[in-house]
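A.B. asks: coordinates only, sequence not included:
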């Protein structure tokens, strides 16, 4: 099974900071990685798909990159509404495994 | 815009079967190329994909749950369902139904609001 190792597990940031979250796959997944944002009590929301494609309606401060096994989600300038938990997910195999999440909170 | 809504008991006894239904509106579950699936999230923990069913009825299950899971389509009611047998407290979670409309390698692009299921006697 493909394991997704996400880091860090949590981070504190100030409004306007640049935030980077990484995800490493246990085997090559080409570019089949997606990123989601989840707020408490809500379902996850798709942000980025196929490593770097921005979902419709998602602000351009979110971006994704990487291929093979190493991937990055970047928030260029964190806004108050961005404080949430972020998950990566591989869609290379139908087990669709997720990373353990990164909680972004206010410094 | 697809909308998904989970329904089913919020409390299930240990060793019994957890049964949930997802009602789809705004589109047909028979739409070519769509996958329909279930994801769960134990309280305070991360996300786990339970399995998916293709619009033609082919299923894919998480290997760790495969022996206990059945996911199926009900095209007459535009619904799909989850059955998880022999549950234990470890199966307590929020269960989400979801869809992948961009094919097998695509993202999960629509989610239900989630349904908390507690396993307890």
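C.D. replies: Yep, it's here. Since we're looking at a predicted model, the values are computed, not measured.
A.B. asks: Identify the residue spatially nearest to residue B:49, adjacent ones excluded.
C.D. replies: Closest residue to residue B:49 apart from its sequence neighbours, by C-beta to C-beta, 6 or more residues apart in numbering or on different chains: residue A:96 at 4.0 Å. Using the backbone N, CA and C atoms, a C-beta is placed for each residue, glycine as well.
A.B. asks: Next, that neighbour: secondary structure please.
C.D. replies: At residue A:96 the chain is in coil, as set by DSSP: H, G, I helix; E, B strand; the rest coil.
A.B. asks: which ones are touching it?
C.D. replies: A:89, A:90, B:37, B:49, B:52, B:108 (C-beta atoms under 8 Å, 6 or more residues apart in numbering or on different chains).
A.B. asks: Pick out whichever of those residues sits closest to residue B:93.
C.D. replies: Using C-beta to C-beta, residue B:49 is the member of the contacts of residue A:96 that lies nearest residue B:93, at 12.2 Å.
A.B. asks: where does the residue nearest to residue B:49 sit relative to residue B:75, distance-wise?
C.D. replies: Spatial separation of residue A:96 from residue B:75 under the definition C-beta to C-beta, to the nearest Å is 23 Å.
A.B. asks: Tell me which residue is most central in chain A.
C.D. replies: residue A:35 (3.8 Å; C-alpha atoms, centre = their mean).
A.B. asks: quick one: average pLDDT of whichever strand or helix holds that residue?
C.D. replies: According to DSSP states H and E, residue A:35 maps onto strand A:33-38. Strand A:33-38 carries an average pLDDT of 98.
A.B. asks: After that strand, heading C-terminal, what element do we hit next?
C.D. replies: Once strand A:33-38 ends, the next helix or strand along the chain (criterion: DSSP H and E) is strand A:45-49.
A.B. asks: quick one: that next one near chain B?
C.D. replies: Yes. Contact check for strand A:45-49 against chain B, using C-beta under 8 Å from any C-beta of the partner chain: residues in range are A:45, A:46, A:49.
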